[in-house]
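K.L.:
coordinates for the following, if possible.
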Amino acid sequence: MKITSRFIPFATIAILAPPPAVASQTVAAHEVRATLSVSAASIVIPMSIVSDAERQADSALRVAKRVMDDGDFREAAQLFAKLAERYPRTTQAAEALYWRAWALFRSGGSSSLSAALTSLADLNRLYPASNANRNDAGSLRVRICGELAQRGDEACARDLVTTASSSSSSSSSSTSQGGAQARSCPTEDDENDERIMALNALLNMNAEAAVPILERVLARRDDCLRGLRKKAVFLIAQKRATGVVDILLKVAREDPAPDVREQAVFWLSNVRDPRVVDVLAEMANSSNDPAIQEKAIFALSNTRSERASQILRDIAQRANAPKGAREQAIFWLGNRRDTASTSFLRGLYARMTDRDLKERVLFSVANQRATDSGAWLIGIAMNDREPMELRKQALFHAGNQRAASMTEITGLYDRVTDKEMKEQVIFVLAQSRAEAAVDKLMDIARRDTDREMRSKAIFWLGQSRDPRVLKFLEEVINR
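P.N.:
Okay, the predicted model is just below:
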């Protein structure tokens, strides 16, 4: 093929154009793009030669994408537009219109965003059956409209409302043999669904405009729209507007989907309203759904009020309450870290007989790190009347949560006589990086009369990164 100096076929230029790494050494990238822009306008390809047009359009598409990948979105948009105009009967034309819209979207600016919508409209009008139109164009249009709606575009805001409230999605629905769209059921994190994207766009709109739309979405009871309702619950909980609490309370009580109700209960902890505590208390005490109970207890733990604390204490000590609910209440009381909760948990430990619940109390007390929590835990560890597993748990939590001082833990080794407890002290010391812990382990390895205890201490010293340990181990070897 003869190539003149002026009329170079677009596809040939695309093939000859070096990749970015080579172009930086030979021909500047902007020079290649300038040549492409001039040459594309001069090309006349008979549309009867479809295969040649396809090849040239494919090469042009790859060059335009390369320009876009380089971050030059405006120039890429121009190249995509020229491709679609010059090769309208190729499969690449539809793809070019989509990528032109994407490049314009990335370049920003209201005029570019409006031009991007026009490109997508052309795509839908000229190539309704193309893959680019079926798969991604709808989602991109919602994203673009979301940006424009924030800038005051009333038409786009209206479209977002319609999309968010619709019961079918053009981008996510498959097509049946008869041509009708199959109904889609999006999940709350399905970022390819137009309705989910429209709801996300509402997050950036003012509360007065967004809340009524979200409320209409939450009023739908179709199981297929469960994912939309979950997303709407999250979004409405972020808004500070009149009526938000009422909407969340209604969803928490009435939505037919358990996971949507759970989401509403969870986010109720994010709002400040005295009615919330009453509803959460009712759910925590009376719900037959363990997941709802758990979310209600968590929400109460985030409500910093004495009444919420008292509700948690009542659940924790009520013998006929579900065990899971009691465990959750005990756990979250441990996170409150106030003297009233600390005193309650210690007293509760003495009154309980269930070992699992007592273990949860030990952890919660240690987690509070109150002034005398370490001494209390050490007392449990020293108590011969306690089951061995609970004594070991008390010691472990005292060390692991740093509730007890290293002096208290190292001193415990010489005070206990039970071999199993001595092993536990060695294990707890080994979990600490404190110098005092390493010193005690080396002392046990040197002086303990029980060979097995010396062996365990040496084993754990071998896992230490303390630089003194290497010298100590060398001394042991050379004895």
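K.L.:
how far is the helix or strand harbouring residue 452 from where the chain is centred?
P.N.:
Element membership of residue 452, judged by DSSP states H and E, is helix 451-461. Helix 451-461 sits 44 Å away from the centroid of its parent chain (Cα atoms, centre = their mean, to the nearest Å).
K.L.:
give me the neighbour count for residue 475.
P.N.:
As a burial measure, residue 475 scores 12 neighbours (other Cβ atoms under 10 Å). Backbone N, C-alpha and C define where each C-beta goes, glycine included.
K.L.:
could you check the pLDDT of it?
P.N.:
Note on residue 475: pLDDT of 79.
K.L.:
element containing it?
P.N.:
helix 467-477.
K.L.:
top helix in this protein by residue count?
P.N.:
helix 50-69 (DSSP state H).
K.L.:
starting at the chain centroid, how far to that one?
P.N.:
For helix 50-69, the distance to the chain centre is 38 Å (Cα atoms, centre = their mean).
K.L.:
can you check stretch 416-434 too?
P.N.:
With Cα atoms, centre = their mean, you get 39 Å for stretch 416-434.
K.L.:
quick one: buried residues of that stretch?
P.N.:
Within stretch 416-434, the residues that count as buried by 16 or more other Cβ atoms under 10 Å are 416, 421, 422, 424, 425, 426, 428, 429, 430, 432, 434.
K.L.:
out of those residues, who's nearest residue 155?
P.N.:
Distance to residue 155 across the buried residues of stretch 416-434 (Cβ to Cβ) is lowest for residue 432, with 64.6 Å.
K.L.:
same question for that closest one, what's its three-state structure.
P.N.:
coil (DSSP: H, G, I helix; E, B strand; the rest coil).
K.L.:
next SSE downstream of the longest helix of the chain?
P.N.:
That would be, after helix 50-69 and using DSSP H and E, helix 73-86.
K.L.:
buried ones in stretch 79-97?
P.N.:
Neighbour counts over stretch 79-97 (16+ other Cβ under 10 Å) mark 79-84, 86-88, 90-97 as buried.
K.L.:
send the alpha carbons of it over as CSV?
P.N.:
This file holds the C-alpha atoms of stretch 79-97, laid out as CSV (Å, rounded to 0.1, in the frame of the first residue of the first chain):
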residue,chain,number,x,y,z
LEU,A,79,-11.0,11.5,18.7
PHE,A,80,-13.9,9.3,19.7
ALA,A,81,-16.3,11.7,18.2
LYS,A,82,-14.4,11.7,14.8
LEU,A,83,-14.3,8.0,14.8
ALA,A,84,-18.1,7.7,15.3
GLU,A,85,-18.7,10.3,12.6
ARG,A,86,-16.3,8.7,10.1
TYR,A,87,-17.2,5.0,10.6
PRO,A,88,-20.9,5.0,11.6
ARG,A,89,-21.6,1.5,10.3
THR,A,90,-18.9,-0.2,12.3
THR,A,91,-19.3,-1.9,15.6
GLN,A,92,-16.7,0.5,17.0
ALA,A,93,-18.9,3.5,16.4
ALA,A,94,-21.2,2.6,19.3
GLU,A,95,-18.2,2.0,21.6
ALA,A,96,-16.7,5.3,20.6
LEU,A,97,-19.9,7.2,21.6
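K.L.:
angle of the longest helix of the chain against helix 73-86?
P.N.:
170 degrees (axes from the mean of the first three to the mean of the last three Cα atoms, to 10 degrees).
K.L.:
would you mark the buried spots in helix 50-69?
P.N.:
For helix 50-69, by 16+ other Cβ under 10 Å, it's 53-61, 63-68.
K.L.:
number of nearby residues for the nearest residue to residue 409 once chain neighbours are set aside?
P.N.:
Using Cβ to Cβ, 6 or more residues apart in numbering and skipping residues adjacent in sequence, the residue nearest residue 409 is residue 399, 5.4 Å away. Using other Cβ under 10 Å, residue 399 has 29 other residues around it.
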